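Trainee: Please work out how this folds:
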Amino acid sequence: MSAHDLLVGMSALEVAEHARLADAASRLGGSVGYLQLGDPSLSAELTRLADAGATTISLAGVSLGTHAPAQSWLRRVAGHWWRERDGVRPDVRVATAVLRNDLDGHDPATLRGLLDLARPITGNEAALASSAWDAVPGHRHQVLVCRGPRCTAAGSDRTATALGRLLAEHGLGDDDVLVTQTGCQFPCNHAPVVSIQPDDVWYGGVDAAVAEDLVSQHLVGGTPVDGHRLARTRAAATTPTTTPTTAPPVTPEDPS
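Mentor: Model (predicted):
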């Protein structure tokens, strides 16, 4: 192995659409990694390829929706991996543009052209840590949008998009309501599932229309939406039981 191409899923949607990424990568003779939520991670795939003898790795991000982080994160994470890599480090290059929704329409020549324009990692990329990310955010609500397989199939990507748009329309940012996409939250029969913390309120069947009610009535108005609220029974707290340690009985000395 000398040169290798790597397509990197940028968000939860690409994890759910792994087959599409794998098909596009196979047309290049390449492989797939993920920036977040999926396996193999970008760092793990870079390590695998480097250990297999790749001398040049060209990677391009893939975003099939609207929730991917900035493209600069590819360089940030790849740069961190390159600096931390023990032993021989391959030449890692990052495409200057992200493949968007029309992934299936890209022929190998188009993909190849994008990767050929990739710029090399220098090791001077921004670090993973930043003083701006040191404190726990001060949001009053955290909205957890399930992106497990069933919820994603039921359209939770559109749910997350609607929530973001509606919160913005109400002037609410991350410091007010933090929307977080998660793995499976378990009541899969009610997909798409959304839970709101710290209120401990769970909702099922949250499409774009229901999302509007959640924002206006619950997150803005402070009143949970009964129509799509799921029953929630919390397990009682338990106190671990311990077996007291007892000393062995003392045998009186024989007076004889």
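
Trainee: Okay, now the unreliable bits of the protein?
Mentor: The chain contains residues with pLDDT under 70 at 1, 101-102, 104-107, 241-256.

Trainee: so who does the residue nearest to the spatial centre of it touch?
Mentor: Taking Cα atoms, centre = their mean, the centroid of the chain lies closest to Leu37, which sits 3.6 Å from it. Leu37 sits next to Ser11, Ala12, Val15, Arg147, Gln181, Gly183 when contact means Cβ atoms under 8 Å, 6 or more residues apart in numbering. Glycine gets a C-beta too; all of them are placed from N, C-alpha and C.

Trainee: So which of the residues you listed is the closest to Ala118?
Mentor: Of all the contacts of Leu37, Ala118 sits closest to Ser11, with 20.5 Å by Cβ to Cβ.

Trainee: State the distance from the closest one to Gly205.
Mentor: Going from Ser11 to Gly205 by Cβ to Cβ, to the nearest Å gives 23 Å.

Trainee: Of those two, which one has the most company?
Mentor: Ser11 (25 against 17; other Cβ atoms under 10 Å).

Trainee: What segments of the chain are strands?
Mentor: 3-9, 31-34, 56-62, 91-94, 119-120, 141-146, 177-182, 194-197, 201-203, 229-230 (DSSP state E).

Trainee: Could you dump these into JSON lines with distance to Glu169 and mean neighbour count added?
Mentor: Listed next are the strands of the chain as JSON lines, based on distance: least, Cβ to Cβ, whole Å; neighbours: other Cβ atoms under 10 Å:
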{"stretch": "strand 3-9", "distance to Glu169": "29", "mean neighbour count": "24"}
{"stretch": "strand 31-34", "distance to Glu169": "31", "mean neighbour count": "22"}
{"stretch": "strand 56-62", "distance to Glu169": "28", "mean neighbour count": "24"}
{"stretch": "strand 91-94", "distance to Glu169": "34", "mean neighbour count": "21"}
{"stretch": "strand 119-120", "distance to Glu169": "37", "mean neighbour count": "11"}
{"stretch": "strand 141-146", "distance to Glu169": "15", "mean neighbour count": "22"}
{"stretch": "strand 177-182", "distance to Glu169": "12", "mean neighbour count": "18"}
{"stretch": "strand 194-197", "distance to Glu169": "18", "mean neighbour count": "21"}
{"stretch": "strand 201-203", "distance to Glu169": "20", "mean neighbour count": "22"}
{"stretch": "strand 229-230", "distance to Glu169": "23", "mean neighbour count": "15"}
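
Trainee: Between those, which one is closest to Ala19.
Mentor: strand 31-34 (10.0 Å).

Trainee: Keeping just the C-alphas, turn the closest one into CSV.
Mentor: This file holds the C-alpha atoms of strand 31-34, laid out as CSV (Å, rounded to 0.1, in the frame of the first residue of the first chain):
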residue,chain,number,x,y,z
SER,A,31,-12.1,3.3,2.7
VAL,A,32,-14.4,5.2,5.1
GLY,A,33,-13.9,6.8,8.5
TYR,A,34,-16.0,9.0,10.7
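
Trainee: Begin at 57 from now on, thanks
Mentor: Okay, residue one is now 57; in that scheme the one you just asked about reads as strand 87-90.

Trainee: That's all I had, so thanks and see you.
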